[in-house]
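**Q** quick one, structure for this:
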Amino acid sequence: MKWNQALSDYQYYLKIERGFSKNSIENYSFDIKKLTSYIDENAIKASPTTIESEVLKAFIYNVSKSLNPRSQARLISGLRNFFDYLIFENYRSTNPLDLIESPKIGRKLPDTLSTKDIDLMISTIDLSYSYNGVNLGERNRAIIETLYSCGLRVSELIDLKLSDLFFEEGFVKITGKGNKQRFVPIGKSTQKYINIWIDIRRHIPIDQNSRDIVFLNYKGRQMTRAMVFTIIKQLVEKSGLKKNVSPHTFRHSFATHLLENGADLRSIQMMLGHESITTTEIYMHVDRSHLSEVLNKYHPRK
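**A** Sure, this is the predicted structure:
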């Protein structure tokens, strides 16, 4: 079995059987491509079905020189999943990564913004900003409000559809990782800002493939992840915030502020679309003062 065939089959499996998004499949494929490049460059005779631990150890050592422990762990995990797939398809009987340990990494606490930080960023948006006759200032405000108010991933934001908006019921339907769908509450103020943008959107010549997409660029096409990152980067610079802010920061802030104000972890898990509550539990470490308040308020022997 050749590497390109194994990778192609694996990508098909991730798409059809696991329901992974295009971005996730690309991320899973990236490390396998790096491995095959390493094998070719060093003239190593090893196929997906015959490669042994020693070759993989040498590869991981080679590429890990420029990686932090978290990235090393992700690399090893990605390769392990690939060989688990080969075992599942009966191409191999053992996983050559089984004897290779991942580096120990501490749990990384998410960066968060205060409500004052978020208000400051929104206040710096030039609502009159237009390009090619399209008011993008109102669109940008709706984007920031939606990211923070609904706790969306950037991929979920750019894929949000008009047909996913159930404003009368107070929800939006979100398609997350693995094409799993969930309904997330959306506040009246965020609905208002989205509706302002939708009114503007009606006057844009829209690309056929983007007719149901909420957030468009000035050409009437679906926005990219990079465009959202750029919008946020420019707002951070303009507002003078000395923080590393990405679209995901608004998601972290959404969950943290909910927890601080008394929301239960299970509800936060459902709104974020976390498959496991252990992923959501990271927010329990963000503000320990909240835990003390809960204890003092509810424990009978406080």
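**Q** every contact and neighbour count from this point should use C-alpha atoms.
**A** OK.
**Q** distance of S47 relative to I122?
**A** Distance, S47 to I122, using Cα to Cα, to the nearest Å: 53 Å.
**Q** list the residues that contact the residue nearest to the spatial centre of the chain.
**A** Nearest to the mean C-alpha position of the chain, by Cα atoms, centre = their mean, lies R153 at 4.6 Å. By Cα atoms under 8 Å, 6 or more residues apart in numbering, R153 lies in contact with L147, P247, H248, R251.
**Q** in helices, which of the residues you listed appear?
**A** Judged by DSSP state H, the subset of those located in helices is L147, P247, H248, R251.
**Q** and the contacts of R153, which two are furthest apart?
**A** Spatial extent of the contacts of R153 (Cα to Cα) is set by the pair L147 and H248 at 8.3 Å.
**Q** tell me where the stretch 151-300 of the chain has strands.
**A** Using DSSP state E, counting those that start in this stretch, the strands found in the stretch 151-300 of the chain span residues 165-166, 171-175, 181-185.
**Q** which residues sit against the first one?
**A** Around strand 165-166, the neighbours that count as contacts under Cα under 8 Å, 6+ apart are F171, V172, K173.
**Q** among those, who's most crowded?
**A** V172 (21 neighbours; other Cα atoms under 10 Å).
**Q** isn't it up against P185?
**A** Yes - between V172 and P185 there is a contact under Cα atoms under 8 Å: 6.5 Å.
**Q** same list (the contacts of R153) but as a markdown table, adding neighbour count and distance to S210.
**A** Output for these, formatted as a markdown table (neighbours: other Cα atoms under 10 Å; distance: Cα to Cα, whole Å):
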| residue | neighbour count | distance to S210 |
| --- | --- | --- |
| L147 | 22 | 20 |
| P247 | 24 | 22 |
| H248 | 19 | 24 |
| R251 | 24 | 25 |
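**Q** for A43, see how far away T175 is.
**A** According to Cα to Cα, T175 stands 43 Å off from A43.
**Q** brain fart, R153
**A** With Cα to Cα as the criterion, R153 and A43 are 41 Å apart.
**Q** ok, D111 next?
**A** Applying Cα to Cα, the value for D111 to A43 is 44 Å.
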